[in-house]
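Colleague: would you be able to build a 3D model of this:
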Amino acid sequence: MFQTGVTLEMVNAMSKNTLVEHLGIEVTEIGKDFIEAKMPVDQRTHQPMGLLHGGASVVLAETLGSIAGTLTLNNAEQHCVGLEINANHIKSARNGFVLGRTTPVHIGKRTQIWEIKITNDADELVCISRLTLAVIDKK
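Modeller: The predicted model follows:
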């Protein structure tokens, strides 16, 4: 499903000097049909009440779906951009890490849909998200 020869180091290096690096998001595993990343729940990702900010969960979700979508394409000919994302925040988190895992729902020639589940350290569902990507030909 994904391009061959892509390493965690290569994927994480793409996030240097970006929001992804600022939030401490780190891709931890690239599987046959999934990608996982972890994100700290700390002052970088808290909202004012000390809970994980829902926007931070959405950043993690969009990051995972976008990386997965990109890794299914021939990047010399195509790239993908986000069209729509939604998120349902199921449970709060105050500290530790959250783990995101994305899996494909639809991989088409012009659109892709990815589901992202985010869990806490106790493997409890914190957020579920769905990302729709547009696949665009490079000019």
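
Colleague: check contacts around Ile85.
Modeller: Val58, Ala61, Glu62, Gly65, Ser129, Arg130, Leu131, Thr132 (C-beta atoms under 8 Å, 6 or more residues apart in numbering). In this view, the C-beta of every residue, glycine as well, is placed from N, C-alpha and C.

Colleague: confirm it sits in a helix?
Modeller: No: using DSSP: H, G, I helix; E, B strand; the rest coil, the secondary structure at Ile85 is strand, not a helix.

Colleague: give me the phi and psi for Arg101.
Modeller: Backbone torsions of Arg101, given as degrees, to the nearest 10, read phi -140, psi 130.

Colleague: residues near the residue nearest to it when sequence neighbours are not counted, how many?
Modeller: Spatial nearest neighbour of Arg101, excluding adjacent residues (C-beta to C-beta, 6 or more residues apart in numbering): Glu36 at 4.8 Å. The number of residues packed near Glu36 is 15, by other C-beta atoms under 10 Å.

Colleague: helices and strands around the helix or strand hosting Glu36, which ones?
Modeller: Glu36 is part of strand 35-40 when elements are defined by DSSP states H and E. Strand 35-40 sits against strand 26-30, helix 54-71, strand 97-107, with contacts defined as 3 or more C-beta pairs under 8 Å, 6 or more residues apart in numbering; DSSP states H and E.
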